[in-house]
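**Q** give me a model of this one.
(2 chains)
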Amino acid sequence: MAAFTDRELIVRARRGDRNAFGELVTCYQTGVFNVCFRLLHERSEAEDLAQETFMRAYDRLPMFDLDREFGPWIRRIAANLCLNYLESRKVTAQLDEERDVDDGQRPERQVEVRERSAQIRDALLSLPPHYRVVIELRHYQELSYDEIASELKIPLSDVKSHLFRARKLLAEKLHAPD
Amino acid sequence: MHLTDHLTDMQLNEYLDNETIPEDRIQIETHVSMCDECAARLTALQALFAEIESLPEVALSRPIAARFTRPVGLPAPLPRFLTLTATLQAAMALLLLTLAAPFLTNLLPYMEIPSLTGMLLQLQRQWITWSDLLSSFQWPTLPQLPALEISSFMLTLTLVGTSMLWLLGNGLLLRKQMK
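**A** Numbering: from 1, shown residues only, chains lettered A, B, ... in the order given. Coordinates of the predicted model:
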């Protein structure tokens, strides 16, 4: 069976083809889940929010500009959704134990990567939600300052200061003596 | 930017984010090549960037896609023209309310609110003479408005047209839902 492009899948999904939308979800579910997981740090909440992201995206499909890329668009929806969620309730969940490693690595390397990943996630979790989301949009979604400002509807100066302060807090947290 | 001053943290952040204008970028690079302190700060910030971005992706424990392909999954999203119809209806309703406002203002002083018994008696009388009223029905003469002169024919035509549009729009929306 010939693989469909995202554009074709979106057009078919707009006509009510659930399987076409299902294929889009299959392609992007891990990426979207990871956006949610980096921002929420709680597996079941991240999965729920990832599902909610796809439901929002489905509702907004008629408005989607077919000249844009679907991946960045849906990841931004996920980031916004998580930010709203974080701001609506203060999440104090503990970090999930995760397998942040490639199974092909040596056991001692796996342990090392897992520990460092846990420290980074822990440091991210310690940030206020609006700092966490600018880190997500800049470092993981590679948005420019202007794009972040537009996405979060905040002034450019706030984007700069949030990023600057967030990185300072992360550096302090990650490089603090044990 | 003065080359003799140390670079600020904000400048280093903007430089690594590729948000510095080309002229400043060259000056920053020149400065860093001559200043060990700023070079060390830049290296530390670069290391932090690399550390943040080294976070590996995590696998899903339960795939989300299956939830969207079930037979009782999502209904098809409404086409844009139907969404626009609803917006158009709302706009037309607002317009009609605005148009009706002068009529209501003129009619309100002449309106009398009868008692419950009076209303029941009137209802009874109307029921008895319903057929007579239908046969001898005439459109009421509209009060003269100082600025807005709309004939009763035009008003009727507008109301009928709007009602048809409203019914058509809702019919289309409901048809989609019932499918």
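**Q** thinking A:Ile120 is in contact with B:Glu51, fair?
**A** Yes. A:Ile120 is in contact with B:Glu51 according to CB atoms under 8 Å; the separation is 6.5 Å. For every residue, glycine as well, the C-beta is placed using N, CA and C.
**Q** ok, these two, which is more surrounded?
**A** Per other CB atoms under 10 Å in any protein chain shown, whichever of A:Ile120 and B:Glu51 has more neighbours is A:Ile120, with 20 against 17.
**Q** so how far is A:Ala57 from that one?
**A** A:Ile120 sits 28 Å away from A:Ala57, going by CB to CB, to the nearest Å.
**Q** do A:Pro128 as well
**A** 27 Å.
**Q** list the residues that are in contact with both of A:Ile120 and B:Glu51.
**A** Shared contacts of A:Ile120 and B:Glu51 (CB atoms under 8 Å, 6 or more residues apart in numbering or on different chains): A:Leu174.
**Q** who's more crowded, A:Pro128 and A:Ala57?
**A** Counted by other CB under 10 Å, A:Pro128 and A:Ala57 do not tie: A:Ala57 has more neighbours, with 23 against 13.
**Q** can you pull the contacts of the residue lying closest to the more buried one once chain neighbours are set aside?
**A** Spatial nearest neighbour of A:Ala57, chain neighbours left out: A:Ile74 (5.2 Å); criterion: CB to CB, 6 or more residues apart in numbering or on different chains. By CB under 8 Å, 6+ apart, the contact list for A:Ile74 reads A:28, A:31-32, A:53-54, A:57.
**Q** of those, closest to chain B?
**A** A:Phe54 (6.3 Å; CB to the nearest CB).
**Q** quick one: that closest one and A:Val25 touch, right?
**A** Yes. Contact criterion CB under 8 Å: A:Phe54 and A:Val25 qualify, at 5.3 Å.
**Q** what do those two both touch?
**A** Common neighbours of A:Phe54 and A:Val25 (CB under 8 Å, 6+ apart) are B:64, B:68.
**Q** where do the helices sit along chain A?
**A** For chain A, the helices defined by DSSP state H cover A:6-14, A:18-40, A:43-60, A:70-88, A:107-125, A:129-135, A:145-152, A:156-174.
**Q** please compute how far the second one lies from its chain's middle.
**A** Read that as helix A:18-40. Relative to its chain's centre, helix A:18-40 lies at 10 Å (CA atoms, centre = their mean, to the nearest Å).
**Q** give the buried residues for that helix.
**A** A:18, A:20-25, A:27-40 (16 or more other CB atoms under 10 Å in any protein chain shown).
**Q** give me every residue in chain B lying close to chain A.
**A** Contact residues (CB under 8 Å from any CB of the partner chain) of chain B with chain A: B:9-10, B:13-14, B:17-19, B:44-45, B:48-49, B:51-70, B:73-80, B:83.
**Q** worst-scoring helix or strand of chain B, pLDDT-wise?
**A** helix B:130-135 (a mean of 73; mean pLDDT, DSSP states H and E).
**Q** so where's the chain shaky on pLDDT?
**A** Chain wasn't specified; assuming chain A. Along chain A, the model assigns pLDDT under 70 to residues A:1-2, A:89-107, A:177-178.
**Q** sorry, should have said chain B
**A** For chain B (pLDDT under 70), the answer is B:1-4, B:70-78, B:108, B:111-114, B:131, B:133, B:142-150, B:175-179.
**Q** and the residue at the greatest distance from the centre of it, how far from chain A?
**A** Most distant residue from the mean C-alpha position of chain B: B:Met34, 55.6 Å away (CA atoms, centre = their mean). Noted for B:Met34: a distance of 24 Å to chain A, by CB to the nearest CB, to the nearest Å.
**Q** got phi/psi on that residue?
**A** phi -110, psi -10 (degrees, to the nearest 10).
**Q** report how many residues lie close to the spatially closest residue to A:Ser126 that is not a sequence neighbour.
**A** Leaving out its chain neighbours, the residue that sits closest to A:Ser126 by CB to CB, 6+ apart is A:Lys173, at 5.8 Å. Number of residues near A:Lys173 (other CB under 10 Å) recorded here: 16.
**Q** cool, and A:Tyr140?
**A** If we define neighbours as other CB under 10 Å, then A:Tyr140 has 19 of them.
**Q** B:Leu88 touches B:Leu172, doesn't it?
**A** No. Using CB under 8 Å, B:Leu88 is not in contact with B:Leu172; the gap is 11.8 Å.
**Q** quick check: the gap between the residue nearest to A:Ala57 and chain B.
**A** From A:Ile74 to chain B the distance is 12 Å (CB to the nearest CB).
**Q** dihedrals phi and psi, the residue of chain A found nearest chain B?
**A** Residue nearest to chain B within chain A (CB to the nearest CB): A:Gly16, separated by 2.9 Å. When read as degrees, to the nearest 10, the backbone of A:Gly16 gives phi 100, psi 10.
**Q** which SS state does the residue lying closest to A:Ala171 once chain neighbours are set aside fall under?
**A** Counting by CB to CB, 6+ apart, B:Leu48 is the residue found nearest to A:Ala171 once chain neighbours are left out, at 5.2 Å. Using DSSP: H, G, I helix; E, B strand; the rest coil, the secondary structure recorded for B:Leu48 is helix.
**Q** chain B: helices as residue ranges?
**A** Using DSSP H, helices in chain B cover B:9-16, B:22-34, B:36-53, B:66-69, B:80-107, B:116-128, B:130-135, B:152-178.
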